[in-house]
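sequence unknown, structure follows:
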């Protein structure tokens, strides 16, 4: 079937239109009868609606995942009384280094408190070159204060202070 350029009706392939007798174009592609316009419009809306729904589900999923990811307020560089300290936080775990005696620090975060251990060269072993540390993050997330001690028992030996760079 082809569409006649004169009367715009479908007509069988050939040289002349069976409805008006007009000359049919040579090499016109055949036309397949299509669904009524209302049915085509309905299908379009189904496709558009389905696409919108999929996009909406993807965005909601992204926001849910982002909302559940823990923030990493401890990550970054800190100017402390033991030199520059660089921390990295993954979930509730924090690891890092600081300048004084090539120090290392690691611990677990609960709320705004980091509880863990420090160690320094040359042995990185307690009781002289390692021990416990407790640091508290300020509510605004830009400063820390805390205490450290040699080993894991006894009184606290000193303080630890710093500001995020």
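Nice, thanks for sending it over. Only a predicted model underlies this, so the values are computations on that prediction, with no experimental measurement involved. Numbering: from 1, shown residues only.

ok, how many other residues are close to residue 2?
For residue 2, the count of nearby residues is 18 (other C-beta atoms under 10 Å). Where C-beta positions appear, they are placed from N, C-alpha and C, glycine not excepted.

Kindly apply the preceding question to residue 126 instead.
Residue 126 has 17 nearby residues by other C-beta under 10 Å.

Look up the closest residue to it, ignoring the ones flanking it.
residue 151 (4.4 Å; C-beta to C-beta, 6 or more residues apart in numbering).

wait, isn't that neighbour in contact with residue 127?
Yes. Applying C-beta atoms under 8 Å, one finds residue 151 in contact with residue 127, separated by 3.8 Å.

what's the domain layout of the chain?
The chain resolves into domains spanning 2-68, 76-164 when parsed by automatic domain parsing.

What's the mean pLDDT across stretch 23-35?
The pLDDT scores in stretch 23-35 average 64.

Show me what whichever strand or helix holds residue 162 is packed against.
In the assignment (DSSP states H and E), residue 162 maps to strand 158-164. In this structure, strand 158-164 packs against strand 76-80, strand 143-148, with contacts taken as 3 or more C-beta pairs under 8 Å, 6 or more residues apart in numbering; DSSP states H and E.

what does it rub up against?
76-82, 85, 133, 135, 141-149 (C-beta atoms under 8 Å, 6 or more residues apart in numbering).

Let's see the PyMOL selection covering just the buried ones among those residues.
Buried members of these, defined by 16 or more other C-beta atoms under 10 Å, are picked up in PyMOL with:
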select buried, resi 76+78+80+82+85+133+135+143+144+146+148+149
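
Surely residue 25 touches residue 6?
No. Using C-beta under 8 Å, residue 25 is not in contact with residue 6, being 10.7 Å away.

Now do the strands for this structure: every range, in order, please.
2-3, 10-11, 76-80, 83-90, 93-98, 103-110, 113-119, 130-137, 143-148, 158-164 (DSSP state E).

Packing partners of the first one?
The elements that strand 2-3 packs onto, with contact taken as 3+ C-beta pairs under 8 Å, 6+ apart, are strand 10-11.

The strand it packs on pairs with which strands, and in what direction?
strand 2-3 (antiparallel) (DSSP bridges).
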